Structure formats: C-alpha cells, structure tokens
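>>> sequence below, structure please.
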Amino acid sequence: MAVWDVIRSRAEALAEETARTLSQLVQIPSLSGQEQDVVRHLARACEQAGFAEVRVDGLGNLVARIGRGTRVMAIDAHIDTVDTGDTTQWSYAPFSGRIGDGQVYGRGSVDQKGGAAAMVTAGRILSELGYDGAYSLYFTFTVMEEDCDGLCWNYLIEEEGLTPEFAIITEPTNLGLYRGQRGRLEFELHFSGVSAHGSAPERGDNAVYRASETALRVRDLNGRLAEDPFLGKGSVAVTMVRSDSPSLCAIPDQCVAHLDRRLTWGETKASATEELRAICDEKTTITIPRYEKSSYRGTAYGQEKYFPTWKTAPDHPLVKGGSKAYQALFGEAPRVGRWTFSTNGVAICGRHGIPCIGLGPGDEVHAHAPNEAVPIAHLVKASAFYALLPYILEEQQV
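Model prediction:
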C-alpha cells in the first residue's frame, strides 16, 4: 500500500480524536498575550501523540519536533484568537467547542485552532510510521499573531535560531493550496491645530477638519494604487480617528488618524510612505507605530508595524510538492490561491525569504466572525496533507 493510502486511512480513523482535540482547544480562551493555558494543553497533547521533543521558547511559542533529519521544515499554527465580539450574535456559546452535524463549533475553530488540532494528528501519524527521513519537522504553535502577525516567527528565527528551509502555514484556506498574500503597514497621521473657543471657530485651526480633508484624499489614493495579477490590488483606508481639545466647547488642536495599508507585490514601506507624503500637507507628521506588548511569559519583543508582502512562485518545488501530495491523497489537483488577510508568512517569507505554502481547514470567510465552525472532514484532510508532505518532498528530492 502506498504511503499516501496509509496516511489517508489513518487520518480518517483518527477523525473523532482530532475533533475532540479541537473541541478542547476551543474551550480554552487564548487571546493574544494570554495563551499560557492552551500552550500547556497542547504540550501534553503533543507528548501523548509521540513527538520526539516538546518545548516552550522564550516568547511562549510551543515547539514540537518529529524526526532527526539534517534538513528543517516547519508547520505552523498560531494559537491565539480574537475576542468574541457581541455574544448575542452567536447561536451557541463561543467557547463551547460543541461537536455536531459534522463540525466543531466555537471561537478559533477556523482561525486557527483547527490547523493546530490537525497538526497534532499529523504528528501522531508520523510518529506511528516511525518517520526517519531527511527532515527534522518542527510543529510550531505560535503566539500573539492576532496582535502582531509574524512577531512570533521573527523571535523563532532571530532569537531561537530556528530557520527552516520551507514552512507550511495552516491558516484557513478552505483546503486550497495558498502561496502568498498582500503585506500590510500601519500608519498614524498626526495633525496639530490651534485651539479657540467653540463660539468663535474662525479664531482657531481645527485639527479635525485637516484630518477630514486628508481622509478624503486617502480615499482617492486607494483608487490609484497598484495591482498584481495574483495578489490583487493594494489598498488604504482610514480605520480610526481620535482628537483632543481643551473641552467640548473648544476647537480641537490635536487629531490622529490611523491607516490600514495593504501592500501588493512591488509595494514597500518606502513607496507607501512616499505616496502618503504626497497627499499630506507639510504640517502633518507621518509615523509607523510599534508593537510593544509583552508575551504571557513577560518577554518584551517589539517590532515596527510593517509586514512585508510575500509570494512563492507557482513553479517552486514546494508548491509542486504540495500539489502532488494533494493529488495523491484526494485524487484531484488543489485549488491554488492566496489569502486576502495576513499570516505569519509576512515574517517567514516576507522578511526572512523562506519559501512558504499554506493549506488549512475551514473557510477563511468565517475568520473573526460569529458562529465559527470547521468541518471535521477538513480536519481529516489537513492532517493527512501535513503528514504526507515531507515524504513527497523527499521523493522529489526537494
């Protein structure tokens, strides 16, 4: 029997166990910076699944290894989630982890504890098969991605020295094979004015008005941004405005606008800053904020909020290997695409140049939405894919 048949059969046999693993993960809330309990639970699950090494790094990422090969491959899932939002919009308790109708329900089931649960099962399958191939396979369960995508991998590479040849991202793709995403950049525009009494606004310089006029120019800029045939169009939007004044009866003398800038292929921090500078007056200060929040372990590891664009070429051996693994398991070619949102690939590939592909259970349209749920059938297919890929890459001598 071919190895893909063995792996597929075992993944199907472990379907209920994978669903239970995900249900348990969903029941443990894990907002960014508060992942310690889910890390402990996953560490026990990996040990029980037969991983050769299970450890927590200095930031709080859980790193579990299968195999002792000289080459290094990583499979990644972030294990933090966004909050629930208005719980009246949910048809069930967000942290119920309910299993029913062929699905697992709850916050994080799609984004992206489903990928983490499938990874645990993939590790179990590889352990049972006694994988001893060319790769050391590092399964990384990473923290703080929802707050600052890629920060966790900058830490793994720059502080822990974990530098894989390839990485597989398990963010939701509806089981498509993804090979890139637009980057992103956060800007803050600072407007200074002159306060005056609200009864005589002509005596002052209203910072809110200046911000509003600039916001309309930002809206126009959005329509002129570059477009890539694969990744799509760059975009920019004002997402928050806050102002300050001596009182509600005074003209505001300070205003800050926050911008979300999505970067398509060829756009960079420098080019985006130059475009913005061209539509702002000389009194406007443009800054890129920093992320400075400490992890649950108390580790401070900040970074500028610039997250580079990335894509892996369609003829790259990793993309070809992923396609071959999918074809072998499921008898059809995968749907190849890209994420509309951001992933840890901004650090792994965008910053450090390590080729990435992605395949994950669940439809990404449910990410951050109420009533998240992931099909158990997706968990099964994803776990089989993660387990087979190293065999296929070795067969192709990648």
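>>> and residue 132, that's in a helix?
No: Residue 132: not assigned to a helix; according to DSSP: H, G, I helix; E, B strand; the rest coil it is coil.
>>> close enough to count as contact, it and residue 66?
No: look at residue 132 against residue 66 with C-beta atoms under 8 Å: they stay out of range, at 9.7 Å. From N, CA and C alone the C-beta is placed, and that goes for glycine too.
>>> quick one: which of these two has more around it?
Using other C-beta atoms under 10 Å as the criterion, residue 132 and residue 66 rank with residue 66 on top: 30 against 11.
>>> run through this protein and note the low-pLDDT ranges.
Residues of the chain that meet the criterion pLDDT under 70 lie in 397-398.
>>> repeat that for 90
Residue ranges of the chain with pLDDT under 90: 1, 395-398.
>>> next one: the spatially most central residue of the chain from residue 103, what distance?
By C-alpha atoms, centre = their mean, the chain has its centre lying nearest to residue 343, at 2.8 Å. For residue 343, the distance to residue 103 equals 23 Å [C-beta to C-beta, to the nearest Å].
>>> over to residue 154?
Note on residue 154: its distance to residue 103, by C-beta to C-beta, is 34 Å.
>>> how about the contacts made by the residue nearest to the centre of the chain?
145, 149, 169, 171, 181, 358 (C-beta atoms under 8 Å, 6 or more residues apart in numbering).
>>> tell me the one of those nearest residue 338?
Using C-beta to C-beta, residue 181 is the member of the contacts of residue 343 that lies nearest residue 338, at 5.5 Å.
>>> now the closest one, what are its backbone angles?
When read as degrees, to the nearest 10, the backbone of residue 181 gives phi -170, psi 160.
>>> just list whatever residues bridge to it.
For residue 181, the beta-bridge partners under DSSP bridges are residue 310, residue 339.
>>> what are the phi and psi angles of residue 221?
phi -60, psi -40.
>>> quick check: it touching residue 237?
No: if you go by C-beta under 8 Å, residue 221 and residue 237 don't touch, sitting 10.1 Å apart.
>>> look at those two and report which has more neighbours.
Remark: of residue 221 and residue 237, residue 221 carries more neighbours, 19 against 13, as counted by other C-beta under 10 Å.
>>> quick one, what contacts the more buried one?
Taking C-beta under 8 Å, 6+ apart as the contact definition, residue 221 lies against 236, 275-276, 279.
>>> mind checking how far residue 218 is from residue 241?
Using C-beta to C-beta, we find residue 218 at a distance of 11 Å from residue 241.
>>> joint contacts of those two?
Listed contacts common to residue 218 and residue 241 are residue 257; contacts here mean C-beta under 8 Å, 6+ apart.
>>> which of these two has more neighbours?
Neighbours per residue, other C-beta under 10 Å: of residue 218 and residue 241, the larger number sits with residue 218, 19 against 15.
>>> quick check: the more buried one touching residue 279?
Yes: under the criterion of C-beta under 8 Å, residue 218 makes contact with residue 279 at 7.0 Å.
>>> tally of neighbours for residue 363?
Using other C-beta under 10 Å, residue 363 has 19 neighbouring residues.
>>> what's the spacing between the longest helix belonging to the chain and its chain's center?
Secondary structure of the chain read by DSSP state H shows that its longest helix is helix 376-395. What separates the centre of helix 376-395 from the centre of its chain is 20 Å, taken as C-alpha atoms, centre = their mean, to the nearest Å.
>>> now do the buried residues in that helix.
Across helix 376-395, burial judged by 16 or more other C-beta atoms under 10 Å covers 376, 378-393.
>>> which phi and psi does residue 292 have?
When read as degrees, to the nearest 10, the backbone of residue 292 gives phi -130, psi 10.
>>> now the strands for the stretch 1-150 of the chain?
Ranges of strands within the stretch 1-150 of the chain are 53-56, 62-66, 71-78, 99-100, 103-105, 135-142, based on DSSP state E, counting those that start in this stretch.
>>> typo on my end, the stretch 251-398 of the chain
Along the stretch 251-398 of the chain, counting by DSSP E, counting those that start in this stretch, strands occupy 254-263, 285-287, 290-291, 303-304, 306-307, 310-311, 336-339, 356-358, 373-375.
>>> run me through the strand neighbours of the last one, direction for each.
Sheet pairing of strand 373-375 (DSSP bridges) gives strand 103-105 (antiparallel).
>>> what of the longest one?
For strand 254-263, the paired strands and their directions (DSSP bridges) read strand 183-192 (antiparallel), strand 235-244 (antiparallel).
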